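Trainee: show me the folded form of this:
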Amino acid sequence: MKQIVVISGKGGTGKTSVVAGLASIGPKKVLADCDVDAADLHLILSPEVVETNEFVSGERPYIDPDLCTQCGLCAEHCRFNAISENFAVIPEKCEGCGVCSYVCPVQAVSTEPRHCGQWFKSDTRFGTLIHAELGIGEENSGKLVTTVRNASAKVAEEIGAELVLVDGSPGVGCPVIASLTNADLAVFVAEPTISAVHDLKRVYKLTEHFKIPSMVIINKCGINADQENEIRSFCAENDIILAGELPYDMVFTKAQLEGLSAVEYEPEGMGKKIEAIWNKMESHL
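Mentor: Residues are numbered from 1 along each chain as shown. Here you go, the predicted model:
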């Protein structure tokens, strides 16, 4: 079983659109959407949820109204303003620091497991999809990404899938590091803009640190020739394989509006370009 993680260094480069196209090509696979802060792969794949799991991480304080004397010490010491006027914890503001429990003179504050979101196992037309949704204002997205990655690898082993295809998190932080765990290949999707090229170089340093082989897909070609050349030069200087180039084309938007991948929407046009990229990725693996 091989694991390919598609990342971008920044949001908006077309990473999910590329993943959806690659999902419709190649061997039997399990899909994982690790962009848990703003998951959107399901918008194209229209999954049917078959299993829902709670994601619990850390603890959140609870103020027992029967014990609380409303002395106000908890609200006075809470630097996050997470105590309401009627002395209840405001979940979206609470950081779980525990100071309210520490200062309470009557031990009215206890802790309970913090439910931060949910993760799902779903059926799609391209195979099993493991995806998740982080709660509003919640943290620990890196741990939720790890949960998604572990679950996708487990399902792949159970069904004998040859591939786990991961839609990674944007950026270079903890969620991205968690997305890259056990990856056999990292594929960067870069658009020819100054910010995207800058972040491509940053995320490459991350994969280089973890010694993960990498390839680059230039998306939205045609909008800035100078930046396209900058990406090509960067790949050549660092011995990064250029997997392919995709033009700036409204076919991606039209396909999304139909709930389809670009390969399904235009199999003989954009579909052939993405298929050529997959073939190059597969030969590298």
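Trainee: name the residues that touch the helix or strand harbouring residue 154?
Mentor: Assessed by DSSP states H and E, residue 154 sits inside helix 141-159. Helix 141-159 is contacted from outside by 1, 3, 28-34, 36-37, 55, 57, 116-117, 119, 121, 128, 130-132, 134, 161, 163-164, 166, 169, 173-175, 177-179, 181-182, using C-beta atoms under 8 Å, 6 or more residues apart in numbering. In short, each C-beta sits where N, CA and C put it, glycine included.
Trainee: what's the average pLDDT for that helix?
Mentor: In this model, helix 141-159 has a mean pLDDT of 94.
Trainee: next: stretch 276-285.
Mentor: The average pLDDT within stretch 276-285 is 91.
Trainee: cool, stretch 46-57 as well?
Mentor: 95.
Trainee: CA atoms of it as PDB?
Mentor: This file holds the C-alpha atoms of stretch 46-57, laid out as PDB (Å, rounded to 0.1, in the frame of the first residue of the first chain):
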ATOM      1  CA  SER A  46     -21.100  13.500  -2.600                       C
ATOM      2  CA  PRO A  47     -20.300  10.900   0.100                       C
ATOM      3  CA  GLU A  48     -22.800   8.700   1.800                       C
ATOM      4  CA  VAL A  49     -21.900   8.600   5.500                       C
ATOM      5  CA  VAL A  50     -21.800   5.100   6.900                       C
ATOM      6  CA  GLU A  51     -20.100   5.800  10.200                       C
ATOM      7  CA  THR A  52     -19.900   8.800  12.500                       C
ATOM      8  CA  ASN A  53     -17.400   9.100  15.300                       C
ATOM      9  CA  GLU A  54     -16.900  11.800  18.000                       C
ATOM     10  CA  PHE A  55     -13.500  13.500  18.200                       C
ATOM     11  CA  VAL A  56     -12.600  14.100  21.800                       C
ATOM     12  CA  SER A  57      -9.400  15.900  22.700                       C
END
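Trainee: in it, which residues are buried?
Mentor: Neighbour counts over stretch 46-57 (16 or more other C-beta atoms under 10 Å) mark 47, 55, 57 as buried.
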